[in-house]
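Q: Return a 3D structure for these sequence lines:
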Amino acid sequence: CECPPSVVRRYQARLSGPLLDRVDLRVEVEPVDRADLLKQGGRGEPTAVVAARVREARARAAERLAGTPWTTNSEVPGHELRTRLLAAPGALAAAERDLERGLLTARGLDRVLRVAWTVADLRGAPRPEARDVAVALELRTGIHRGAPMEAGAL
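A: Here you go, the predicted structure:
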């Protein structure tokens, strides 16, 4: 998009809160200049490495959810995330603060929990810890929380 920032802000203001509440990940990306785009051997990870990490994370989720009607984190109802699939003790403190401040809705909390489980699965952790919730909150709200966002840190 080559629109001026004022046009982008006006468009974003048209998006309603209930619609935005259904968006799980809000990621800002920097524009790529032509030289970087055409350069050989970019800085990213090879697709095969990323694909293997994703397969392993999905297998962890499927194993955890065996015996339930769900196979992926995205399918688990919010109630189950809050009562049956528990994060590490104290892991949700930042999310609870955001909920109290009105930065997060109940639906948003459920979505943060789903993403936190996915981040934990990508790290190979048995359940989400505070850092996984921080990554999920940062992806949800766009508010920087000092969470390691690089693929290798996950």
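
Q: name the element residue 131 belongs to?
A: For residue 131, the element it lies in under DSSP states H and E is helix 130-141.

Q: actually residue 52, not the one I typed
A: Residue-wise, residue 52 maps onto helix 47-64 under DSSP H and E.

Q: distance between that helix and the chain's centre?
A: Per Cα atoms, centre = their mean, to the nearest Å, the displacement of helix 47-64 from the mean C-alpha position of its chain is 16 Å.

Q: List the buried residues for it?
A: By neighbour count on 16 or more other Cβ atoms under 10 Å, the buried set for helix 47-64 is 53, 57-58, 60-61, 64. All C-beta atoms are positioned from the backbone trio N, CA, C, and that covers glycine.

Q: helix or strand right after that helix?
A: Past helix 47-64, the next helix or strand by DSSP H and E is helix 78-83.

Q: Show me what that next one is packed against.
A: helix 106-123 (3 or more Cβ pairs under 8 Å, 6 or more residues apart in numbering; DSSP states H and E).

Q: neighbouring contacts of the helix it packs on?
A: 21-22, 24-25, 53-54, 56-58, 60-61, 73-74, 76-78, 81-82, 85, 87, 91-92, 95, 99, 104, 126-129, 132-133, 135-137, 139-140, 154 (Cβ atoms under 8 Å, 6 or more residues apart in numbering).

Q: ok so, going back, residues of the helix holding residue 131 that come out buried?
A: 130-140.

Q: Could the C-alpha coordinates of it be exported in PDB?
A: This file holds the C-alpha atoms of helix 130-141, laid out as PDB (Å, rounded to 0.1, in the frame of the first residue of the first chain):
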ATOM      1  CA  ALA A 130       4.400 -16.000  31.300                       C
ATOM      2  CA  ARG A 131       6.700 -15.500  28.300                       C
ATOM      3  CA  ASP A 132       4.300 -17.400  26.000                       C
ATOM      4  CA  VAL A 133       1.400 -15.300  27.200                       C
ATOM      5  CA  ALA A 134       3.500 -12.100  26.700                       C
ATOM      6  CA  VAL A 135       4.200 -13.100  23.100                       C
ATOM      7  CA  ALA A 136       0.500 -13.800  22.500                       C
ATOM      8  CA  LEU A 137      -0.600 -10.500  24.100                       C
ATOM      9  CA  GLU A 138       2.000  -8.600  22.000                       C
ATOM     10  CA  LEU A 139       0.700 -10.300  18.800                       C
ATOM     11  CA  ARG A 140      -2.900  -9.500  19.900                       C
ATOM     12  CA  THR A 141      -2.600  -6.000  21.100                       C
END
